[in-house]
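Enquirer: Here you go, sequence then predicted model.
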Amino acid sequence: MPFPKDFLWGVATAAYQVEGAAQTDGRGASIWDTFSATPGKVANGDNGLIANDHYHRYLEDIQIMKDMGVKAYRFSISWTRLFPNGDDVREERGFDFYDRLIDALVSAGIEPVATIYHWDLPQPLEDIGGWANRAILEPFENYARAVAEAFGDRVSRFATINEPWVMSWLGYGSGVHAPGETSFDKAIAASHHTVVAHNRAYKAIKSVRPNALVGPVLSQSQPDVDDISDPKQLEAAAIFDAFTNLFWMDGLFKGEYSQRVLSLYGDRLSKLIHEGDLEVVKNDWLGVNFYFNTRIGHEVSADHPSRARFIDELAGFAVESQAVGTLTDMGWPITPYGLGDLLVRWTREYGDLIPPMFVTENGVAYDDALSMDGLIHDDRRVSYLNDHLLSIESAISRGADVRGYFQWSLMDNFEWAEGFNKRFGIVHVDFDTQVRTVKESGKWYAKVIETNGECLTKRFVKFS
């Protein structure tokens, strides 16, 4: 079955990863500025001070997208460009930048899709507790309203918070992302506050732009169990699914947390819930970010180097979770079937509660170098993307309402704690010269867009 005629083919980036100009035009410091400046936190001591210099080169980057035939660009807005301290004091030069970016996208015939928050919290807000403090809710609500008011005449689709699991658990639970906290209590608090913040931001946006299309963007991964006859593996998989996926799916679409979640978190969660926190809003769309399924193996010691993250404390035992088979440069497995199965799962399990879905991130890190012929032959990336698109196509044929796909990422960029070591782009960036070179995967993706997926290499991909 072909993709729908109006399928939205896009690419995605995030502000701190590409914009640079970190000390330009009144931009304030974010938690990623602080984290990157802390020795040992980011590979090679890299940072986003310059990144891709998208702030100054956005017209060049938009031309690349236009030449590819890209239909939509999902970008994020830097909170600290608009409100440097996270309060109500505006920086008009920041608003002016996004006006220019959005106007240029519209002129190029590319739909702007704006993510309001992609992890770059103003440092003054972190200084009072960040996402672990309920005090974050009002500033975020006000910020979301200001974004919609300023740009909602040209931006019709808004994502509120990108990947709340990642920012909560990697930022506050394991400390491998900013702000670098290592507290389960804070990770749980941050998780709940993202649900409440989304709901409040949704209402704030709708209050000034009633026709805006607003939805959450969730990072999701399904557990792949080695041995379904092992009760501990099944229990670990259920716990993984609950705190990775269902916490937000249930919180945002059902207005409740499951008994498993409430039991796992106990009063660390229940004491945070205020009346009205879980009031369901009518989300217009759901963004799914998918990279891989997560392996759940046999029980191991609590200090085992490849145990599943976080499960040992939540479950009271640890399971082996080392990825197997062919891996990406991130050390991630390649499980294209997981994406289609996930989209079908939500369709079947949540029914009418689920709005139209978009795959808002999907891509792969490979360091494919410039060849003697001046081209970048990233065949592995083409294969990865091809098979994940086939998986989406299968999901659509099985009844999932999927309306679009945003490849991650348009360009190689600052990859958070990995610095500039990992390259996800379909456009190569020389970070010394800022020269952009479209990879063979970028040319291939242009053909996918042109043919609406008809050019995909049809081959067997395992599905449930």
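Expert: Done, it's in.
Enquirer: which stretches of the stretch 351-464 of the chain form helices?
Expert: With helices called from DSSP state H, counting those that start in this stretch, the stretch 351-464 of the chain shows them at 379-397, 440-451.
Enquirer: Packing partners of the longest helix belonging to the chain?
Expert: If you go by DSSP state H, the chain has its longest helix at helix 184-208. Applying 3 or more Cβ pairs under 8 Å, 6 or more residues apart in numbering; DSSP states H and E, one finds that helix 184-208 contacts helix 137-151, strand 157-162, helix 164-165, helix 171-172, strand 213-219, helix 247-253, helix 267-270. Placement of C-beta: from N, CA and C, glycine included.
Enquirer: one more time with 6 Å, if that's ok
Expert: For helix 184-208, the packing partners by 3 or more Cβ pairs under 6 Å, 6 or more residues apart in numbering; DSSP states H and E come out as helix 137-151, strand 157-162, helix 171-172, strand 213-219, helix 267-270.
Enquirer: Could you point out which of those sits nearest T24?
Expert: helix 137-151 (19.1 Å; Cβ to Cβ).
Enquirer: Which neighbouring elements make contact with that closest one?
Expert: helix 184-208.
Enquirer: tell me which residues of the helix it packs on are tucked away?
Expert: For helix 184-208, the neighbour count (16 or more other Cβ atoms under 10 Å) marks 184, 186-202, 204-206 as buried.
Enquirer: again with stretch 80-95
Expert: 80-86, 91, 94-95.
Enquirer: from these, which is closest to S168?
Expert: Proximity of those to S168 (Cβ to Cβ) peaks at G86, which lies at 18.2 Å.
Enquirer: Quick check: nearest residue in space to the closest one, chain neighbours excluded?
Expert: P122 (3.2 Å; Cβ to Cβ, 6 or more residues apart in numbering).
Enquirer: mind listing the helices in the stretch 1-150 of the chain by residue range?
Expert: 15-18, 31-36, 54-68, 79-82, 92-107, 123-126, 137-151.
Enquirer: for the stretch 201-350 of the chain, same thing?
Expert: 231-241, 247-253, 259-265, 267-270, 311-315, 336-350.
Enquirer: Relative to S156, which of the ones you listed is closest?
Expert: Nearest to S156 among the helices of the stretch 201-350 of the chain is helix 247-253; the distance by Cβ to Cβ comes to 20.6 Å.
Enquirer: Next, work out how far apart A22 and D127 are.
Expert: Distance from A22 to D127, counting by Cβ to Cβ, to the nearest Å: 18 Å.
Enquirer: More neighbours: which of the two?
Expert: Applying other Cβ atoms under 10 Å to A22 and D127 shows that A22 carries more neighbours, namely 23 against 12.
Enquirer: Test for you: state the pLDDT assigned to the more buried one.
Expert: Per-residue pLDDT puts A22 at 98.
Enquirer: Setting the sequence-adjacent residues aside, check what's closest to it.
Expert: Of all residues not flanking A22 in the chain, L49 sits nearest, at 4.6 Å (Cβ to Cβ, 6+ apart).
Enquirer: Is it correct that W169 falls within a helix?
Expert: Yes. Counting by DSSP: H, G, I helix; E, B strand; the rest coil, W169 falls inside a helix.
Enquirer: would TSV of the buried residues of stretch 80-95 with distance to Q222 and pLDDT be doable?
Expert: Shown next, in TSV, are those (distance: Cβ to Cβ, whole Å; pLDDT from 0 to 100):
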residue	distance to Q222	pLDDT
T80	35	98
R81	36	98
L82	36	99
F83	37	98
P84	40	98
N85	40	98
G86	35	98
E91	41	98
G94	38	98
F95	40	99
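Enquirer: from those, which single one is nearest I64?
Expert: Nearest member of the buried residues of stretch 80-95 to I64, counting by Cβ to Cβ, is R81, at 22.6 Å.
Enquirer: thinking again about what came up before, arrange the helices of the stretch 351-464 of the chain in TSV, one row each, with distance to H54 as further columns.
Expert: Shown next, in TSV, are these (distance: least, Cβ to Cβ, whole Å):
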stretch	distance to H54
helix 379-397	21
helix 440-451	16
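Enquirer: Export those as CSV, with columns for mean pLDDT and distance to V344.
Expert: Formatted as CSV, the helices of the stretch 351-464 of the chain follow (pLDDT from 0 to 100; distance: least, Cβ to Cβ, whole Å):
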stretch, mean pLDDT, distance to V344
helix 379-397, 97, 5
helix 440-451, 98, 22
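Enquirer: of those, which approaches S229 most closely?
Expert: It is, among the helices of the stretch 351-464 of the chain and with distance given as Cβ to Cβ, helix 379-397, at 27.2 Å.
Enquirer: Can you give me the buried ones in that closest one?
Expert: Neighbour-count burial for helix 379-397 flags 380-396 (criterion: 16+ other Cβ under 10 Å).
Enquirer: same question, stretch 3-17
Expert: For stretch 3-17, by 16+ other Cβ under 10 Å, it's 3, 7-17.
Enquirer: Show me which of those is closest to R57.
Expert: Nearest member of the buried residues of stretch 3-17 to R57, counting by Cβ to Cβ, is T13, at 12.1 Å.
Enquirer: returning to what we had before: now what about the longest helix of the chain, what contacts it?
Expert: 131-132, 136-137, 140-141, 144-145, 148-149, 158, 160-161, 164, 168-169, 172-173, 212, 214, 216, 251, 265, 268-269, 272, 277, 281 (Cβ atoms under 6 Å, 6 or more residues apart in numbering).
Enquirer: any idea how far Y350 lies from I239?
Expert: On the measure of Cβ to Cβ, Y350 and I239 end up 20 Å apart.
Enquirer: ok so, going back, so which of the helices of the stretch 201-350 of the chain comes closest to W416?
Expert: Per Cβ to Cβ, nearest to W416 of the helices of the stretch 201-350 of the chain: helix 247-253, 20.3 Å.
Enquirer: Averaged pLDDT, that closest one. What do you get?
Expert: Per-residue scores along helix 247-253 average to 98.
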